[in-house]
Each structure stands twice: as structure tokens, then as C-alpha cells.
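**Q** what's the 3D shape of this:
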Amino acid sequence: MNKNLWLLAICQGLFLTNNVTFIAINGLVGLSLAPRGWMATLPVMGYVVGGALSTGLVARSQRRFGRGGSFQLGLAVAFCSALLCAYAAYGKHFWLLCFATLVAGYYNANAGLYRFAAAEIAAPAWREKAVSLVMAGGLIGAVIGPNLAAATRGLFDVPFVGAYLALAVVALVSMAVLRFIAFPPPLSRQQAASDRPLGAIMRQPAFLVAAVAGSLGYGVMNLLMAATPIAMQVCSLPFPDIALVLEWHVIGMFAPGFFTGHLIRRFGTLPVMGVGLLLNLGCIAVALSGVDLHQFIFALTMLGVGWNFLFTGATTLSLSTYTPEERDRAQGALNFCMFTTLAVTSFASGVLVTTQGWRLLNLGSLLPVALTGAALLWLALTQRRAARLAAR
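**A** Predicted coordinates:
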């Protein structure tokens, strides 16, 4: 554990400040501007669709400029897109807002690699804890994000314009912090060349399950989290309550980062991911029990902890499936699967919560939870079979 990791954790926290603020306000701004109610989460969807579309471009920029240069480029995009969001909200331009969040998706895809960079700037024996610690930096976003949205909501006559402008300042602060992080030098062209095609990397059982569990776990979290502000508003709960629920949700997402790596080293990756799956089921059960404030808080907190166990476990699981020379393509593939899933769930979230309601939305989330459980069980059986064959 070194200075670079702590600074990268701060950058992760500032990145999550951006994400949490976007989630807290994009659906509400979209709801006020959209031509149809079911379009309310299109700005949320634009952010993750932009991330999916940017994964290839991000992989190329990582190879060309290295970690530091590529991350700074992502922050420059974050700064410009936040200003464009502010202009779109002020002028009440719904489709421009969607476009601005689509552009911001490049930053989403770029900063999504902070967790992989953490494993590269730590000693090999501490990779799990390094990933976990950097993700724990998201606690900064848990505290700052909802409060930033609430504090800047009314700075201008048009709600939330001030929040978008505040995110531009957050991007500048992150740029300053990033300058003090020493990343390993980028690979040369010869080093970056790999004999294994991407298909061979992706066919590995561990890679497949890392992609499926990481994507579906993130998808379930996004499906319920993106719908929460709208569901709470429909239930006549005030915006400060919405900010409080999101704050506890993001605390649940990132506070376990201080010990998830230790749990993985002690009990193994798959058992920790299995506990995350059970927490997702607990979240759905609480959400189905009612729509009072305390039920939203408990459900979303459990959802956050479950996501942390699944996503940290999936990231750790993937580290053993590719070489340093293959990292950009492998990580790009993982992020593409994740952002594609997030795009689908962002759209489905708005459609389902505005047309079918909070209850049916939670019932529908049982399907991806079940698929994730099946993937974890399949990998456990595959590994057990391989261990038996190796012991003969």
C-alpha cells in the first residue's frame, strides 16, 4: 500500500462523486424535460451507453498515452460534458442533455479502469487489497455526491444547473490529484503485441464468469438505483430523503472496500461473490415489503454491499485470466460487457418504474440475480472438477 494507491482512491472518490450526482439528478432533470414520462432515464442511459461505445477508444488511448495521460484525457471530457449538461438543463434542451451525458460516457469508461490500475501500482501479493482499497475511495462520492446535488440544486432559477457546474469543478480537482500519481510506463508496441486472440482470452471459464457476474451484478444495482429517485418522488418523498437514500446506498457500495480484499484472500473469491448474491436477494425482499423511507434505506444499503462483493470479486477473478500485454483488450472487453448491460438496465429502469411500478421492477430483477447465481455455481463445479483431475 503506497502513496499512489491512496491518491488513486481519492480520484475514484471524485469519479463516484460525478456518478452519484448524475444518478441523483439526471433522472429528475430528464423527468422534467422529457416529452414522455418513460423517457425520464434516457440521460442516465446516455451516460452508460456512452461508456459502452467508448470502451474501444479508451483501450486505444490507454495503449498510446499510458494510464496517466489517458486518465487526464477522460477528466477533460468530464469537465466539458458537465458544462454542456448545465447549458442543456438551463435551456431546457432534453436531447442536448442526452447527448451531453453520452459524451460524458467516455469519462465513465476511462475512470472505470482505476480499479485495474490499482493492481498495477501495488505489490503482486497485495493486488486484491489494492483493488478493494481504491474502490473504498468511492466513500468520498457517497458523502459528497448526494450532498453536492442537494446543496447546489437551487443555485440558479433552473433546478440542478448548479449541480452540473459543480461537477465541472470536481473534474478539475481530480485532474490536480492525478498529476501526483506515478503510473508504470506504457507498454511498447512489441510488448503490447499478444499471440492470444481476444476470443481465446474470453473463452476461459474464469473470464466468462467475471464478465457475467460483474456485468449482471452491476446491472441489477443500476436497475434499482436509477429507478429509486423516481420511485421515491412518486411516493411523495422529498429530495433530501432521496439524497439520504443514495448516500447510504453508495456507503454500502464502497465502505466494504476496506475489508473486501481481506475477505477474498481468506475465504476465496467465489464465496465472497456468493454472499454478495444473497445480499441482492435480501435487498429485493426488503424493497417488496413496502415504500417507506427506512425500507428504501435498508434495501439500497444491502444492494450496495452486495454490489461491492460481486464487483470486487469479479475484478479480482479477472486478473488471473490475462497477461500484462493483453490487459488493454481484456479490460476493454470486460468494460464493454458491463456498460452494455448498464445501458439496457438504465433504459429498462425508467420504462418499468414509470409504467409497471416499483414492485414489478424488483420482481423483474430476480432474473439477472438467478443467472449470476448459475454462473457462480458453474465455475465452482468447473474448478472442483479441474482440481480432481489435477490430483490424479
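**Q** helix/strand/coil for the residue nearest to I284 when sequence neighbours are not counted?
**A** Of all residues not flanking I284 in the chain, N362 sits nearest, at 5.0 Å (CB to CB, 6 or more residues apart in numbering). (Each C-beta comes from the backbone N, C-alpha and C, glycine too.) For N362, the assignment made with DSSP: H, G, I helix; E, B strand; the rest coil gives helix.
**Q** Please look at N362 and G290 and confirm they touch.
**A** No: N362 lies out of contact with G290 (CB atoms under 8 Å); the separation is 11.6 Å.
**Q** Those two: who's more crowded?
**A** The residue with more neighbours, out of N362 and G290, is N362; 23 against 11, by other CB atoms under 10 Å.
**Q** give the contact list for the more buried one.
**A** 224, 284, 287-288 (CB atoms under 8 Å, 6 or more residues apart in numbering).
**Q** which one of those is nearest E326?
**A** For the contacts of N362, the closest approach to E326 (CB to CB) belongs to L224, at 33.8 Å.
**Q** That closest one - nearest residue in space that isn't next to it in sequence?
**A** Nearest residue to L224, sequence neighbours excluded (CB to CB, 6+ apart): L303, at 5.8 Å.
**Q** so how many other residues sit close to that neighbour?
**A** L303, neighbours per other CB under 10 Å, totals 27.
**Q** Quick check, pLDDT for it.
**A** Listed pLDDT for L303 reads 96.
**Q** R189 now?
**A** Looking at R189, its pLDDT stands at 57.
**Q** before we move on, what about L277?
**A** We have a pLDDT of 96 for L277.
**Q** Look up the closest residue to it, ignoring the ones flanking it.
**A** G373 (5.4 Å).
**Q** Tell me the buried residues in the helix or strand harbouring the one you found?
**A** Per DSSP states H and E, G373 falls inside helix 366-391. Neighbour-count burial for helix 366-391, with 16 or more other CB atoms under 10 Å as criterion, is recorded at 368-369, 372-373, 375-376, 379-380.
**Q** Tell me where the stretch 201-350 of the chain has helices.
**A** Secondary structure of the stretch 201-350 of the chain (DSSP state H, counting those that start in this stretch): helices located at 205-234, 239-254, 260-267, 269-288, 293-318, 327-355.
**Q** Same list (the ones you listed) but as a markdown table, adding distance to A119.
**A** Below are the helices of the stretch 201-350 of the chain laid out as a markdown table (distance: least, CB to CB, whole Å):
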| stretch | distance to A119 |
| --- | --- |
| helix 205-234 | 13 |
| helix 239-254 | 17 |
| helix 260-267 | 11 |
| helix 269-288 | 14 |
| helix 293-318 | 8 |
| helix 327-355 | 9 |
